[in-house]
Every structure is written in structure tokens, then in C-alpha cells.
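Asks: The following comprises the amino acid sequence and a computationally predicted model.
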Number of protein chains: 2
Amino acid sequence: MNTPKIAVDCMGGDYAPEEIVKGCLLAHRELDVILYLVGDEKKIKSILDKENSYDRKRLILINAEDVVSMSEPPSNVLKKKRSSLYIAGILLRENEADGLVSAGNTGAVLTVGKFLVGALEHIERPAIGVALPNPKGRTVLIDVGANVDCKPKHLLQFAIIGHTYAKEILGVQNPKIGILSIGEEEGKGNELVRESYALLKKSKLNFLGNAEGRDIYAGTFDVIVCDGFVGNVILKASESLGMAVLQMIKEEVQKSLIARIGALLVKPALNNFKKKADFAEYGGIPLLGAKKPVIITHGRANAKAIKNAIKVANEFYVHHFNEKLAEYMKSLSPKEVKV
Amino acid sequence: MNTPKIAVDCMGGDYAPEEIVKGCLLAHRELDVILYLVGDEKKIKSILDKENSYDRKRLILINAEDVVSMSEPPSNVLKKKRSSLYIAGILLRENEADGLVSAGNTGAVLTVGKFLVGALEHIERPAIGVALPNPKGRTVLIDVGANVDCKPKHLLQFAIIGHTYAKEILGVQNPKIGILSIGEEEGKGNELVRESYALLKKSKLNFLGNAEGRDIYAGTFDVIVCDGFVGNVILKASESLGMAVLQMIKEEVQKSLIARIGALLVKPALNNFKKKADFAEYGGIPLLGAKKPVIITHGRANAKAIKNAIKVANEFYVHHFNEKLAEYMKSLSPKEVKV
């Protein structure tokens, strides 16, 4: 296997370019990858030059004069052809790179993935899958924001993408697939769910039926599919609930000296838990079903998060994700859905 | 003001009738209410008879020979005219009672509220509002499960119901209203959100625009409206995330003796927090916009939860919720929406 080449948008994110370049250096030391560092060459070089040594054949600078800011409309990126994000996208489209990592404007990164890199053959809509932690392992929730107003055939595609993720990346043998609804029984849910249910039932996936909200963090399914609108609000609500719970507990703890002492003793255990749930730990969330995987990291991504996002992009390459996905699209789709 | 009369379905819920009747006794002692205890008269009486004394004019038994089980299809309740839930619903429809509390089959309770009790004039679809805790106070999320596949005019109605809840029950002066979407800017979201946004903007509500998933637990809005499908999966995901987080922290704590000691010291503070988030504490969630409020409690409701649900029903009566809602429907709707 060739060494994977990952394009990194060095100008996107709240701490760009410093933390992004530092993340590349971490990945450079830990992983067998070639990195394209796309952005303001001068700035990137001055950060790299603080390092004692690095392999110039594996950390390759590509100059980009323009930047897509965090606040501008996502579609701008398609006009800003000299921006770091656009040029990184072009590297994928031209088969120069095997994956992309960006902490920049999420909408713009999605736009590059969907329209510049483009979808894999037979996939109509790439989707974002996120492997959420639960006491038993992880559950892939897909789509969490790339597509709103979906059709049943899109949810079927998300299910096959999710199956590929759970099986090939997370190592689940026969992934249990569910569709997110508001009741267990067939027939419960909205129109989209009821129609998608019928389609999923005809597929060769290990489809168990409706999942409910409570199943997302219970580990009862390996993959739960939903419309990108629903997935996005759940993902963001979950993040804020986690923070709100910790803050409210903190406030209660502050009221008592004994509780404050107790909190100190619990802290290491709490940190272990946080590690499991921490965004920086698992780096980024992938847009899957694009011709090459595009990894979107948080705007607040630090060097460690960037390194982990590069690791994620690398894993998709090493595990032949796209090749497997193409196979499963053929072998698992229902007969009446032409692939 | 007359003493409010609340009908309690004594046969619904995992711990019926014991815990339900005990909950009625608790409410009987604490609140100025008249309770109709609907269910198997013999069984209810034998539980009541263990009590030293109670006011027979305020705890009134109404016999019902049939029961709607937790697992049967919700629509069955409309055929089971001798069931405790149906008879409780009839008491509301006939203006004999001012509110209903049931821990039974949620779908069946909703069916009774929507079709037997029926909607208030000008309200097309009653909705479930839940006041979720956050570090600053509470945010009403509405609808969390009574309606899927909504139209913009329904979301407008949910917003006015939510406004009434926040203002009249939670005491918020000028409730900040948002619509749940996947980005802050106008134009972000799915078709339903974009069309509802336009309608809400024309209303006289204090409409701040799109809310994101993260706003639900951040306290940035007093009311967030959404389709009942979306609200339901968020509510259930939140419950399960809370439990998963506590379990994962527990597992980490178990690994270390010091952390275990720390956990003991933190426990009282944690219990205070749990009280804030506990279902039993705030008793039940109301179906609002029905002719009389219908309070749905958890199937696992114990006596305390039932007592608190009766308290909730009482509050809606005492605060003239329905009268206020009818007023706000007229004064806050956009001109082009006829009320």
C-alpha cells in the first residue's frame, strides 16, 4: 500500500495556523503519512522552522493566498479559488491527496466535500457520521448535518455508509442498524421514517427496525440513521447538555467544603471519562461517501485534535473505506434500488 | 376561585394502583384540590382504608371496570369506554374536572387529550411542552412528541403556547422565543423551519430567530419550538445521555479507591443536582392547548411523582393558563393568521 497523502487546511479554525501546523508535526512524528500543508507558506514555514528537524518530503508546503473566514457564507469557498480550503479540495479531486482535514468554516468544508470533491459513484448524498460513546462501545449516528430534507433512498444510503463505518473502521462484525423514530413499532414516526423503514427492511443490512432517542446512548444499535437536521440538533443538544450537567454539578459542589474535597478526589476518574467523550480525542467527524474522506474538526481544534483528525483520515485510507463502501452499496441495497 | 377538580387515572402506570392512590393522598394533604380517583373502586378503597382519615368530599372514587394496558395500541382507548383513562377524559370533556393526570400508556393519554378532551378553540394541535433545566433556569421545548409532520402554522401555535407557559407558569416577563434549526442565520434549516421562521417573524412574540441544539441547555432562549418528532428524539436522547454519562463516570470511579471515597463526599451535592433534573420532582409533562390540561407522567411514576403531577395540573388551573392562552392567540398571532 502506498503511503497515504492527507491535505491539511492550515488556515481554517480559531487557532490557525499555529495549532494546525503543530498538529501536522505531531502526526508527522506518529504516523506513516505524507502531509500537504496548504496555506500561507511564509507563516507555515516560520512555525515549522522552530522545529529541529522534519522530513521535507513528508511535510509538503502548498501556498494559498486566500482564506475562507469562519463567518462568511459557505458557498463563498467555490468562488475563492486561491483559498487554502479550495486548493486542499482540488488536491483530492485531482487524486493528489487521499483525504482532507480542516478546522475551518464547517459549511464551507462541507461544500468542498460535496461539490468540489464530489460524491462516490452510486452515492447521491455524502453524509456526516459520528461515533458517539456509550457504556458498551460506540454508536454511529448518521447523518448529523450534511443533508436536510432527505428522501428515503438517502436514508438507505446513510445506513450503508454507517454499516461500512461500523464494520470496517470500528470493527463490528454484523452491525445492528436502526432508524431513528419516536416509537419502537413499525409504523411509528413521520412520513420519511415510515417510507425509509420499508426500504431498509428490503435491504440486506442487519436492520432491527426503529431506534428511539434513548437508544443513541444506550448501545442497543451500532448504527442509527436519521435526517441531517435531526442528527445535527441531537449532536449539538448533547454537547450542551454535557456541559450544562457538569456546570450544574459544579455549582452544587461549590456549596459544600466536603463536596469540594470529594470533587478533588474524583477528578482523575472524571478526566478519564472526559477523555472518552472529548472531541479532541477523536479528532474530527468525517463526511463519508465523498470520493475521498473529508474530516471536519471543531473550530476550536488544538494541535492534538488536528493530529487525531489526520489519524482518522489515515484510517479511512488504510481500511479501504471507499472500496468497501462501493462493494456494500452493490451487495446490500434492495433489488429494486438500482446501484 | 373554585377549588380545582383533578381527575386521576388510578390504573395507569407500572405501579398502579398503589403508588397512584398514595400520590393522591399526598396531594390531598398538601394541596387545595378535589381529586377524582378513577379506577377499580374496590382496589382503590382498600388502599385508602389503610389511611387514618381523609376527606371523602375531596377524594372521590369513580369506578371504572376496564384498563388500557401499557402495551396496547393507543387508539384502543377510544373503544374502551369503561376504562379508567377514558372515563377520566370524559370528566374533562363534560366540565366535571379541570385537569387530568395519568401515568398510563403515553400514546393513549395523548389520544384522550387530543380527541376526547379536544383542542381549545383556535388551537389546531395541542402540544407537549417540557421545561428543561439549564444553569440559568428553564427552557420550554415544545412540541416533544404530540405531533409529527407539522406545518408552519402549527409551529406558530406551539410558540404561543410556549410563550404562555413561560410567562404564566414560569413567570418569565418577556419570553425569548426561538425556532430550532441547524444554524443561527435566517435561511438555515429545513423547509418547515424556513417557512415557520417567516411566520414567527410577523407575529408579536419576542422572536429572536433560530436556536441551535446547543441552545436547549444553555438558557439563551425561554421557549424553543420544534416539530414533535425532533423534540421527542431530543428529549429521549437527553435522558439516555444523562444516564450514560453517570454510568461511565461511575465505572471510572470504581477503578480507584480514592475516587470512590471522593464520590461519597460529592454524593449530597450530586443528589441536589439530580433533584433539579429528576422527573419525579417536576412530576409530569403537560399536553397544552387541550380544552383542559392533561398531565402525562412517566410509566415508572411513584407516589411523589403523581403528587407533583397533580400539583402541575393545579398550577395550570390556578394561573388561568387556558384563558391566557386564548388571549395570547388573539393578541400575538400575525395579522394574516386568522384567530
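Replies: Yep, that arrived.

Asks: got any ranges where the stretch 101-250 of chain A has weak pLDDT?
Replies: Within the stretch 101-250 of chain A, no stretch has pLDDT under 70.

Asks: can you pull out the helices in it?
Replies: Per DSSP state H, counting those that start in this stretch, the stretch 101-250 of chain A carries helices over the ranges A:106-111, A:152-164, A:191-202, A:228-254.

Asks: Any residue of the second one touching chain B?
Replies: No. Contact between helix A:152-164 and chain B, assessed by C-beta under 8 Å from any C-beta of the partner chain, is absent, since the two come no nearer than 13.1 Å. Glycine gets a C-beta too; all of them are placed from N, C-alpha and C.

Asks: Let me see the residues that make contact with that helix.
Replies: Applying C-beta atoms under 8 Å, 6 or more residues apart in numbering or on different chains, the external contacts of helix A:152-164 come out as A:123-125, A:127, A:129, A:140, A:142-143, A:147, A:150, A:175, A:177, A:179, A:192, A:195-196, A:198-200, A:203, A:205-207, A:223-227, A:288-289, A:321, A:324-325, A:328-329, A:332-334, A:337.

Asks: Repeat the analysis, applying 6 Å as the threshold.
Replies: A:123, A:125, A:127, A:129, A:140, A:142-143, A:175, A:177, A:195-196, A:199-200, A:205, A:223, A:225, A:288-289, A:324-325, A:328-329, A:332 (C-beta atoms under 6 Å, 6 or more residues apart in numbering or on different chains).

Asks: hmm, back to that, CSV for the helices of the stretch 101-250 of chain A, including mean neighbour count?
Replies: What follows is the helices of the stretch 101-250 of chain A, written out as CSV (neighbours: other C-beta atoms under 10 Å in any protein chain shown):
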stretch, mean neighbour count
helix A:106-111, 24
helix A:152-164, 26
helix A:191-202, 18
helix A:228-254, 22
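
Asks: Which residues of chain A lie near chain B?
Replies: Proximity of chain A to chain B, by C-beta under 6 Å from any C-beta of the partner chain, involves residues A:134-135, A:148-149, A:180, A:182, A:190-191, A:212-214, A:216-218, A:229-230, A:232-234, A:236-238, A:240-241, A:244, A:247-249, A:252-253, A:258-259, A:261-263, A:265-266, A:269, A:272-273.

Asks: ok so, going back, buried subset of the contacts of helix A:152-164 as a PyMOL selection?
Replies: The buried residues among these can be selected in PyMOL (16 or more other C-beta atoms under 10 Å in any protein chain shown) with this line:
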select buried, chain A and resi 123+125+127+129+140+142+143+175+177+196+199+200+205+223+225+288+289+324+325+328+329+332
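
Asks: List the ones among the contacts of helix A:152-164 that fall in strands.
Replies: If you go by DSSP state E, the contacts of helix A:152-164 have A:127, A:129, A:140, A:142, A:177, A:223, A:225, A:288 in strands.

Asks: farthest pair in those?
Replies: A:177 and A:288 (15.0 Å; C-beta to C-beta).

Asks: Now do the contacts for the residue nearest to residue A:30 when sequence neighbours are not counted.
Replies: Spatial nearest neighbour of residue A:30, chain neighbours left out: residue A:307 (6.9 Å); criterion: C-beta to C-beta, 6 or more residues apart in numbering or on different chains. Residue A:307 sits next to A:23, A:26-27 when contact means C-beta under 6 Å, 6+ apart.

Asks: Now flag whichever of those residues is closest to chain B.
Replies: Within these, proximity to chain B (C-beta to the nearest C-beta) peaks at residue A:23, which comes in at 24.5 Å.

Asks: dump the residue contacts of that closest one.
Replies: Per C-beta under 6 Å, 6+ apart, neighbours of residue A:23: A:303, A:306-307.

Asks: any idea how far residue A:15 is from it?
Replies: According to C-beta to C-beta, to the nearest Å, residue A:23 and residue A:15 sit 9 Å apart.

Asks: again with residue A:109
Replies: For residue A:109, the distance to residue A:15 - C-beta to C-beta - is 16 Å.

Asks: Run a quick neighbour tally on the one residue in the stretch 1-150 of chain A that gets nearest to chain B.
Replies: Residue of the stretch 1-150 of chain A nearest chain B, by C-beta to the nearest C-beta: residue A:148 (4.2 Å). Residues near residue A:148, counting by other C-beta atoms under 10 Å in any protein chain shown, number 21.

Asks: is it true that it touches residue B:190?
Replies: Yes. At 4.2 Å, residue A:148 and residue B:190 qualify as touching, with contact defined as C-beta atoms under 6 Å.

Asks: Please identify every residue contacting each of the two.
Replies: With C-beta under 6 Å, 6+ apart, residue A:148 and residue B:190 have common neighbours residue A:229.

Asks: most centrally placed residue in chain A?
Replies: residue A:285 (1.3 Å; C-alpha atoms, centre = their mean).

Asks: need the contact list for it.
Replies: Contacts of residue A:285 (C-beta under 6 Å, 6+ apart): A:128, A:130, A:296.

Asks: 8 Å - rerun?
Replies: A:128-130, A:144, A:295-297.

Asks: And residue A:92, by the same measure?
Replies: Neighbouring residues of residue A:92 by C-beta under 8 Å, 6+ apart: A:7, A:98-100, A:116-117, A:291-292, A:294.

Asks: so where does it fall, helix or strand?
Replies: Using DSSP states H and E, residue A:92 sits within helix A:84-93.

Asks: Residue A:6 and residue A:315 touch, don't they?
Replies: No. With contact defined as C-beta atoms under 8 Å, residue A:6 does not reach residue A:315; the gap is 11.0 Å.

Asks: These two: which is more packed in?
Replies: residue A:6 (30 against 18).

Asks: Name the residues of the helix holding residue A:92 that come out as buried.
Replies: Buried residues in helix A:84-93 (16+ other C-beta under 10 Å): A:84-92.

Asks: Could you save these as CSV and add columns showing pLDDT and distance to residue B:45?
Replies: Formatted as CSV, these follow (pLDDT from 0 to 100; distance: C-beta to C-beta, whole Å):
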residue, pLDDT, distance to residue B:45
A:84, 97, 77
A:85, 98, 73
A:86, 98, 77
A:87, 98, 80
A:88, 98, 76
A:89, 97, 75
A:90, 97, 80
A:91, 97, 79
A:92, 97, 75
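
Asks: Reformat these into JSON lines and put distance to residue B:54 next to each item.
Replies: Converted to JSON lines, those look like this (distance: C-beta to C-beta, whole Å):
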{"residue": "A:84", "distance to residue B:54": "75"}
{"residue": "A:85", "distance to residue B:54": "71"}
{"residue": "A:86", "distance to residue B:54": "76"}
{"residue": "A:87", "distance to residue B:54": "79"}
{"residue": "A:88", "distance to residue B:54": "74"}
{"residue": "A:89", "distance to residue B:54": "74"}
{"residue": "A:90", "distance to residue B:54": "79"}
{"residue": "A:91", "distance to residue B:54": "78"}
{"residue": "A:92", "distance to residue B:54": "75"}
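
Asks: For residue A:129, give me its contacts.
Replies: Residue A:129 neighbours (C-beta under 8 Å, 6+ apart): A:140-144, A:158, A:161-162, A:165, A:285-286, A:288.

Asks: tell me the domain boundaries of chain A?
Replies: As given by automatic domain parsing, the domain ranges for chain A are A:1-123+A:283-319, A:125-255.

Asks: Distance from the longest one to the middle of the chain?
Replies: This points to domain A:1-123+A:283-319. Distance of domain A:1-123+A:283-319 from the chain centroid (C-alpha atoms, centre = their mean, to the nearest Å) equals 13 Å.

Asks: Likewise for the last one?
Replies: When C-alpha coordinates are averaged (C-alpha atoms, centre = their mean), domain A:125-255 and its chain have centres 14 Å apart.

Asks: how far does it stretch from start to finish?
Replies: 51 Å (C-alpha to C-alpha, to the nearest Å).

Asks: The longest one now?
Replies: Start-to-end span of domain A:1-123+A:283-319 (C-alpha to C-alpha) is 11 Å.
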